[in-house]
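1. Here is my input; please provide its structure:
(2 chains)
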Amino acid sequence: GQQLNQSPQSMFIQEGEDVSMNCTSSSIFNTWLWYKQDPGEGPVLLIALYKAGELTSNGRLTAQFGITRKDSFLNISASIPSDVGIYFCAGFWIQGAQKLVFGQGTRLTINP
Amino acid sequence: EAGVAQSPRYKIIEKRQSVAFWCNPISGHATLYWYQQILGQGPKLLIQFQNNGVVDDSQLPKDRFSAERLKGVDSTLKIQPAKLEDSAVYLCASARSHYEQYFGPGTRLTVT
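-> Below you'll find the model as predicted:
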């Protein structure tokens, strides 16, 4: 099946720092979603992107749908302790029978 | 609005036993999904329902897994008999539109 390569796998930052993570694929995706998962909970949808080049914000979070339709990135500005968790990118592969494919996740740890 | 409900939250069984999980989607969401999330990985789709019909079950191990969605609302996922490698979190998600899927808290299954 199609895979999404998410990086970095983990991040250790200081509170207040900005965070950037990305997701790439060798194939074209027609929708990108970013989710956050806290321990013991299901993923929570943060941002949905539908068009190449689209830049969307949700509070301190900003995500972009890459022009090539093969990548997406998520930025978090001025991180706070509640940002700790695992961030997943997910996409609908244009040739993939409309299955939502997930990346492996980026684990964010914040030192106060 | 109420989110996706799942039960039980945790289940421990011995291999070769059977187990069932229950999901109640967000009201009005016609599409329901079951995902398997192995520790350290992103969720992987097992089966997708549209109302009470199966849209995609290509990744469901049908020799041991079964799922149904009677009356197009609640759904159950069953494993019989369980194997050690079935230890994972089983996530239910629902969607009004296909793209924005909302997840429940999951059921953590441990097979010993």
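
2. Please name the residues that touch B:Tyr10.
-> Applying CB atoms under 8 Å, 6 or more residues apart in numbering or on different chains to B:Tyr10 gives the contacts B:107-108, B:110. Quick note: C-beta positions are derived from backbone N, CA and C, even for glycine.

3. For it, give the beta-bridge partners.
-> Taking DSSP bridges as the rule, B:Tyr10 bridges to B:Arg108.

4. which strands and helices sit next to the helix or strand of chain A with the lowest mean pLDDT?
-> Least confident helix or strand of chain A, by mean pLDDT, DSSP states H and E, is strand A:100-102 with a mean of 90. In terms of contacts (3 or more CB pairs under 8 Å, 6 or more residues apart in numbering or on different chains; DSSP states H and E), strand A:100-102 is packed against strand A:85-93.

5. Residue 27: neighbouring residues, count only.
-> No chain was given, so I picked chain A. 15 (other CB atoms under 10 Å in any protein chain shown).

6. Chain B was what I was after
-> 10.

7. show me what contacts the residue of chain A found nearest chain B?
-> Per CB to the nearest CB, A:Phe102 is where chain A lies closest to chain B, at 2.9 Å. Applying CB under 8 Å, 6+ apart to A:Phe102 gives the contacts A:4, A:88-90, B:41-44.

8. which of those residues are buried?
-> With neighbours counted by 16 or more other CB atoms under 10 Å in any protein chain shown, the contacts of A:Phe102 contain buried members at A:4, A:88-90, B:42-44.

9. got CSV for those residues, with pLDDT and distance to B:Asn24 too?
-> As requested, the buried ones among the contacts of A:Phe102 are exported to CSV (pLDDT from 0 to 100; distance: CB to CB, whole Å):
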residue, pLDDT, distance to B:Asn24
A:Leu4, 90, 29
A:Phe88, 97, 23
A:Cys89, 96, 28
A:Ala90, 94, 23
B:Gly42, 94, 24
B:Pro43, 95, 19
B:Lys44, 94, 22
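
10. which of those lies closest to A:Ser25?
-> Set against A:Ser25, the nearest of these by CB to CB is A:Leu4 (5.3 Å).

11. hang on, the closest one packs against A:Leu100?
-> No. At 10.4 Å, A:Leu4 does not count as touching A:Leu100 under the criterion of CB atoms under 8 Å.

12. Need the residues touching each of the two.
-> Counting by CB under 8 Å, 6+ apart, the residues touching both A:Leu4 and A:Leu100 are A:90-91.
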